[in-house]
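[1] I'll drop the sequence and a predicted model, then ask my questions.
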Amino acid sequence: MADAAQRDGAAFAPSYMLDQSHNVTDPIESLMSSAVEVQRAFVQAALVDRAALKQHQDNNDALQSAQALKHAYRTDVSAILAMARVRSGGAADPVALYRASGYREQAAVRRPPKAGASSSGIV
């Protein structure tokens, strides 16, 4: 996707979707966590040295191609992501803030489970 965005510029307009199952986790926390991981992957993809990767690919050097990718994807970008979230008015740790807010507990009181249902009323 990063290659397509770089290649096509403003014409690149993908649709995004997260497909999740919330059988054992809080659905809001899971969505927040998934969004953070998508952001992490996007930032790491931006770190790939595309010129070096292309040269390795053109030379049919699979090992060096993999190394170029590993360098970017092994880079810890957590601090960059947290700083970007804070600068844009968000929380450095969205799940921690959500938990501290008590929203789930408040919502469970407002929407109690239906008789016979195993759900907390959140979903």
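    Yep, that arrived.

[2] just the pLDDT at residue 116, thanks.
    For residue 116, the pLDDT comes out at 61.

[3] same question, residue 2
    Residue 2 is given a pLDDT of 75.

[4] what's the neighbour count on residue 46?
    By the criterion of other Cβ atoms under 10 Å, residue 46 has 13 neighbours. Quick note: C-beta positions are derived from backbone N, CA and C, even for glycine.

[5] that one against residue 2, yeah?
    Yes - counting by Cβ atoms under 8 Å, residue 46 touches residue 2, with 6.4 Å between them.

[6] strands of the chain, start to end?
    Counting by DSSP state E, one finds no strands in the chain.

[7] helices of that one, residue ranges please.
    For the chain, the helices defined by DSSP state H cover 2-8, 27-46, 50-58, 62-73, 78-87, 94-101, 103-110.

[8] would a markdown table of those with distance to residue 16 be doable?
    Compiled in a markdown table, the helices of the chain are given as follows (distance: least, Cβ to Cβ, whole Å):
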| stretch | distance to residue 16 |
| --- | --- |
| helix 2-8 | 12 |
| helix 27-46 | 8 |
| helix 50-58 | 22 |
| helix 62-73 | 20 |
| helix 78-87 | 17 |
| helix 94-101 | 18 |
| helix 103-110 | 24 |
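
[9] contacts for the helix or strand of the chain with the lowest mean pLDDT?
    Between all helices and strands in the chain, the lowest mean by mean pLDDT, DSSP states H and E belongs to helix 2-8, at a mean of 79. Contacts to helix 2-8, defined as Cβ atoms under 8 Å, 6 or more residues apart in numbering, come from residues 12, 14, 42, 45-46, 48, 50.

[10] same deal with stretch 48-61?
    With contact meaning Cβ under 8 Å, 6+ apart, stretch 48-61 is reached by 2-3, 6, 64-65, 67-69, 71-72.

[11] in the protein, where is pLDDT below threshold?
    Filtered on pLDDT under 70, the chain yields the residue ranges 22, 115-123.

[12] swap in 80 and give it another go.
    Scanning the chain for pLDDT under 80 picks out 1-6, 20-23, 112-123.
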